[in-house]
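In: sequence unknown, structure follows:
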C-alpha cells in the first residue's frame, strides 16, 4: 500500500468528503492560508482546490468558530472546524458542551448537529502547557459528544471520514507529532467505523491499551519484552466515545492484566475509566492490579528534558508491566 | 431600504398577539407558586411583548429565529402552538420537546425556532452558523437572534458580531434591553448603556428603538431585516424596554426602585398599544375585549391540554442524547 504522512492523509479525507458532498465546508484559524507553508499540514492546498466559499479562514474567535459549527450543522451543513491547539478548546467549550452536545436532547430529538471539530493536540514542541494539554477526558465526560484519537495516517483518514458523515457531533484529536509520520494509507473513501479498537499485536501476558502516539511506546515496550519472553497484547483504542468495550474486555479476560497508557495526566484521565470498566466487568479475570501509565500531575513542561520526562515512554510501560507480572 | 408601513390588519394582529402572550404568561405567573403545577423556574417576558410581535411581523416562515430563556413571547408571536408549548413548560410527554426542555430552552422547529439557549450570550455564535448556512446555500432567508442587555456583556456576542460582519451574513441581532441583568441594573453592568452604538464597531447599521412601541419596532425590524436579506451583511437593533416582573417568578424585585417600576408600568406596552389603536380608530373597545376573551379561552385550552397530558416515563430521560448512541440501545 502507498504511504502517506498523517497530515496528507487528513488532507485526503477532507478532499474526499468535500468532493463527495457539497454540504461539507472547512473553517478555522488559518485553515486556508496558514503561517505554516508546509505541504504536510492537514489543510494545505485545500483553499486552492475548493475555493474561499468552502475553506473559510476565521478571526481568532473560538466561540464563534464552534458556534458556526453548531448553527450551520443544525441547518443541514456538515461543518469541519478546527481548534488550533487542544487547550484552546476551553474557549469553544460552551458551544460544544452546552450546545452541540445538548440541543439534540433539549429539543426532544428534533434538532441534530452533525458537526466535526478537528483539534490539534499533543506535546513535544516545547510550546508549554497552554499549547500542550490533552483534554480528551473532559470531552469524553460529556453525554452527546463523540471523540476519536487516531495514531496513524490510515486511521486519521478513516476516522475523520466517518466523523464527518456521523449524525452526531464528533471531536477528532489530531496529534501534531503525527503529521510528519508516514504509514500505509488506503486510497479512496475507506472509513474506519467509530468505536472499533484495533489489536496491533496479540499477546498472552498483559493487555496494554493506548491511543495516539503512546501506542508507539506500547509497541516498543512489547518488542523489548518479547525478547525476555513476555508477550504483551497491544490495543490501539482509536475511539474513546463510542468505546469498544468488547475488544478491551476480551483481551483482559485472556491476559488477566491491564495497563493503560496516555499522555494526559493520570488523575481522572481516560485510563481511570478503562480501569473502572475492567474492575466492574472483568474483575474475576484479573490476576494483578491495573496499572495506569500517564502524564504526571503537573502541566506539560516546556524545557525539553522535562517534556520528555513528562511523556509516557516505553521504559515506563515496561516498568508498569514488570510490576504486575 | 424598503419601509413597510404597518396597515391596520397588521396592527390589529400585533395587538391581538400581545394580548395573547400576556394572557399566556400571566397564567404561568399564577400557576408558578402553586405546588406541583409547574416544574422548574418561570422566566417571563412581561412588558417586552412589543419587541416580540414587532420583530416577527416582517419575517417570513423561511427565516430562522434563535431565542433565549425569555422566549415565550418570541415563540407565540412566531406562531408556535400554545398547547404543546404549555405542555412542555409543564414537563409533559406531549410537550414540543417531550418534556426535555421545560420553559428554558424551548425549541420549535415547526416555526423555525431552531436553537434556543439559556446560556446567556450563546445565541449569537449559533446564529452566525445558521446565517452562514443560509448564505452558503444562497437562500433569501435570514436569521434573527434575540439576546438581552445582560448578554451584551459576553465575549461571545462580540465574536459573533465581528465574524458576521466580516462575512456579511444575513443576521439580525436584536438586543432586548430590558434594563436588568439579574439584579444588576443597566448602569451597573454596562459601561455605555447604548448598545446599538456598538454596531459602528462592526461597520453594520445599528438602530435604537422604543421597545414598548410595536409600530416602531416593526418599522426598524422591517428595514434592518431587508438590509440583511439584500446581502448587505448583519444589522443590530436595540429595543429599549423594561422587565416588569423579576428575572424569574422566584425573584421579588426587592432591588428595584418602586417609582421606576411604576413609571414603566404606566408605559405597559399591551395597555398603551390598545389605547393607541382605539384612539386612532383601528380597533374598538369591544374588539379588545373580544381579543382578551379569545386569548383567555386559548390559554384555558392550552392549560387543559398540558394538565391532561401524561408525564414522560423516567427511562425516556435516556433517549435523544445521540442520534446514533455510542452505547447501543439504552
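Out: Right, received. Where do you want to start? None of these values were measured; they are calculated from a predicted model.
In: Output the set of residues of the stretch 51-200 of chain B in proximity to chain A.
Out: Contact residues (Cβ under 8 Å from any Cβ of the partner chain) of the stretch 51-200 of chain B with chain A: B:64, B:66, B:95-101, B:105, B:107, B:109, B:114-117, B:119, B:122, B:124-134, B:136, B:143, B:155-156, B:159-160, B:162-163, B:166-167. The C-beta positions use only the backbone N, C-alpha and C, and glycine is treated the same way.
In: again, only this time at 6 Å
Out: Where the stretch 51-200 of chain B comes near chain A, counting by Cβ under 6 Å from any Cβ of the partner chain, the residues are B:97-98, B:100-101, B:105, B:107, B:109, B:114-115, B:119, B:125-126, B:128-130, B:132-133, B:156, B:159-160, B:162-163.
In: When you filter these down to buried only, what's left?
Out: Neighbour counting with 16 or more other Cβ atoms under 10 Å in any protein chain shown marks B:97-98, B:100-101, B:105, B:107, B:114-115, B:119, B:125-126, B:128-130, B:132-133, B:156, B:159-160, B:162-163 as buried within those.
In: which ones among these are found in helices?
Out: The members of these that map onto helices under DSSP state H are B:125-126, B:128-130, B:132-133, B:156, B:159-160, B:162-163.
In: how's chain A carved up into domains?
Out: Following automatic domain parsing, chain A resolves into domains at A:3-184, A:198-324.
In: Among those, which comes closest to residue B:54?
Out: Residue B:54 lies closest to domain A:3-184 among the domains of chain A, at 24.1 Å (Cβ to Cβ).
In: So for the closest residue to chain B within the stretch 151-300 of chain A, what's the pLDDT?
Out: In the stretch 151-300 of chain A, the residue that lies nearest chain B is residue A:242 (3.2 Å; Cβ to the nearest Cβ). pLDDT, residue A:242: 97.
In: if I look at the most centrally placed residue in chain B, how far off is chain A?
Out: Nearest to the mean C-alpha position of chain B, by Cα atoms, centre = their mean, lies residue B:74 at 3.2 Å. Here the criterion is Cβ to the nearest Cβ, to the nearest Å. By it, residue B:74 lies 16 Å from chain A.
In: Hmm, that residue is touching residue B:59, no?
Out: No: the criterion here is Cβ atoms under 6 Å, and residue B:74 misses it with residue B:59 at 10.9 Å.
In: part of a helix, is the residue nearest to the centre of chain B?
Out: Yes: judged by DSSP: H, G, I helix; E, B strand; the rest coil, residue B:74 forms part of a helix.
In: what comes up buried for the helix or strand hosting residue A:9?
Out: Assigned by DSSP states H and E, residue A:9 belongs to helix A:6-20. Neighbour-count burial for helix A:6-20 flags A:6-18 (criterion: 16+ other Cβ under 10 Å).
In: Run the angle between the next helix or strand after that helix and helix A:6-20 for me.
Out: Later in the chain than helix A:6-20, the nearest helix or strand by DSSP H and E is strand A:24-28. Counting by axes from the mean of the first three to the mean of the last three Cα atoms, to 10 degrees, strand A:24-28 lies at 140 degrees to helix A:6-20.
In: and the gap between the closest residue to residue B:307 other than its chain neighbours and chain A?
Out: The shortest distance from residue B:307 to any non-neighbouring residue, by Cβ to Cβ, 6 or more residues apart in numbering or on different chains, is to residue B:90 (7.0 Å). The spacing between residue B:90 and chain A, counted by Cβ to the nearest Cβ, is 14 Å.
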